[in-house]
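Undergrad: quick check, what structure comes out for this input:
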Amino acid sequence: MQIPMADLQAQHRALAEEIDGAIREVLESCRFILGPNVSALEEEVARYCEARYAVGVNSGTDALILALAACGIGPGDEVITTPFTFVATTEAIVRVGATPVFVDIDPVTFNMDAALVESRITERTRALLPVHLYGQTADLTALTHLAERYSLKLISDGAQAIGARHNGMGIGQFGDAATLSFFPTKNLGGLGDGGMVLTNSEEVAERLKLLRFHGSGGTYSYREVGWCSRLDELQAAVLRVKLRHLPEWTARRAANAARYAELLEGCGLRLPQAAPGNEHVWHQYTVATPQRGELQAFLRERGIASAVYYPGALHLEEAYRYLGGREGDFPEAERACREVLSLPVFPELPEGAVDRVAQAVLEFCRT
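TA: Numbers count the residues shown, from 1 in each chain. Down below sits the predicted model:
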């Protein structure tokens, strides 16, 4: 039996009747753009993540771009973020005309090291953009204090962390905005691209609604230059079906992660840990080892998939060389890029699959 990194077919088979019914209703209604399912999903996700407002857009990347724009970030501004993330985080900063400023990561959580942020703040700094990587939040307590002390915007990239909590509070309760991705392999994934911005600010929410619809909000009066970035009604209908199952899926992910932790204790790999106060939703179960390539090949030979998220630190990527980054600038991020390996943790894993993966890892560690 092959063990993949995800099995969307299994997920969709289990929900086929519900999803088919939701799609039929949209087709029969002929409401395809910003219809009742988008509005309902926005309300439901806002409650789930404990935000006052949620605004659906057409991708997780656009969620970041529009969140930054709605918070007034633009040319001449600096935004502090992490070099160890998917490129969309940095891409969004550049697309609004701002400049990314990197800080290194915490080697335990792989998230932006909040203790290093203050040293990077300048008179041009306007925002902090942490990423809640792999399913747990960055240190939102420390980052909130810094944002308040220096009058900075706090915008979180929560693409991998829907349902994650910090000190008992959902990610929607923190800062000026938080973004979500509904890419198919996310914990809550659609049938294509989709995204959402969470905020507790009515002003930010209203501006997001303008920006996603050509700066008009759906009228022929254009208050500013915007985007065409509306969450599709069909996607919203499918996501509403899946959202009802998300708590159960998250619990299965947590159970799989706990089983890995039990079986792999003392194996010599760096195992993932939830930081104190964090409720992890385990988008990925990511170990780290200097023998990453050898371990990945060993697992592949035994029919077990694994993946590297992410193989390159962004300050060293060609697209961002203009920022002046050099090898050695952010050693923990660079080490993570060499060592991290994610193991299958998705909720549809068949019984015994986690044990089989763990036994293969242990066999490798004994060789």
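
Undergrad: use CA for all of it now, contacts and neighbours both
TA: Fine.

Undergrad: just the strands in the stretch 251-367 of the chain please.
TA: 278-279, 285-288, 340-343 (DSSP state E, counting those that start in this stretch).

Undergrad: for those strands, which one sits closest to A297?
TA: With Cα to Cα as the measure, strand 340-343 is the member of the strands of the stretch 251-367 of the chain nearest A297 (11.4 Å).

Undergrad: now for the closest one, which elements pack on it?
TA: Contacts of strand 340-343 with other secondary structure elements, assessed using 3 or more Cα pairs under 8 Å, 6 or more residues apart in numbering; DSSP states H and E, are made with strand 285-288, helix 292-301.

Undergrad: my guess is G135 contacts A164, does it?
TA: Yes: the pair G135 and A164 qualifies as a contact (Cα atoms under 8 Å) at a distance of 6.6 Å.

Undergrad: tell me the residues that contact both of these two, please.
TA: For the pair G135 and A164, residues contacting each of them under the criterion Cα atoms under 8 Å, 6 or more residues apart in numbering are H280, V281.

Undergrad: which helix in this protein runs the most residues?
TA: Identified as the longest helix of the chain according to DSSP state H is helix 246-264.

Undergrad: which residues touch that one?
TA: Contacts of helix 246-264 (Cα under 8 Å, 6+ apart): 187-188, 271, 280-283, 285, 345-347, 354-355, 358-359, 361-362.

Undergrad: now mean neighbour count, distance to T144 and mean pLDDT too, for the strands of the stretch 251-367 of the chain, in JSON lines please.
TA: Formatted as JSON lines, the strands of the stretch 251-367 of the chain follow (neighbours: other Cα atoms under 10 Å; distance: least, Cα to Cα, whole Å; pLDDT from 0 to 100):
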{"stretch": "strand 278-279", "mean neighbour count": "20", "distance to T144": "15", "mean pLDDT": "98"}
{"stretch": "strand 285-288", "mean neighbour count": "22", "distance to T144": "27", "mean pLDDT": "98"}
{"stretch": "strand 340-343", "mean neighbour count": "24", "distance to T144": "28", "mean pLDDT": "98"}
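
Undergrad: okay if I get the ones you listed as JSON lines plus distance to Y220?
TA: Formatted as JSON lines, the entries for those read as follows, by distance: least, Cα to Cα, whole Å:
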{"stretch": "strand 278-279", "distance to Y220": "44"}
{"stretch": "strand 285-288", "distance to Y220": "48"}
{"stretch": "strand 340-343", "distance to Y220": "48"}
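
Undergrad: nearest to R240, out of those?
TA: Nearest of the strands of the stretch 251-367 of the chain to R240, taken as Cα to Cα: strand 278-279 at 22.9 Å.

Undergrad: now the closest one, how far from the centre of its chain.
TA: For strand 278-279, the separation from the chain centroid amounts to 15 Å (computed by Cα atoms, centre = their mean, to the nearest Å).

Undergrad: can you check stretch 268-282 too?
TA: Worked out by Cα atoms, centre = their mean, stretch 268-282 lies 16 Å from the chain centre.
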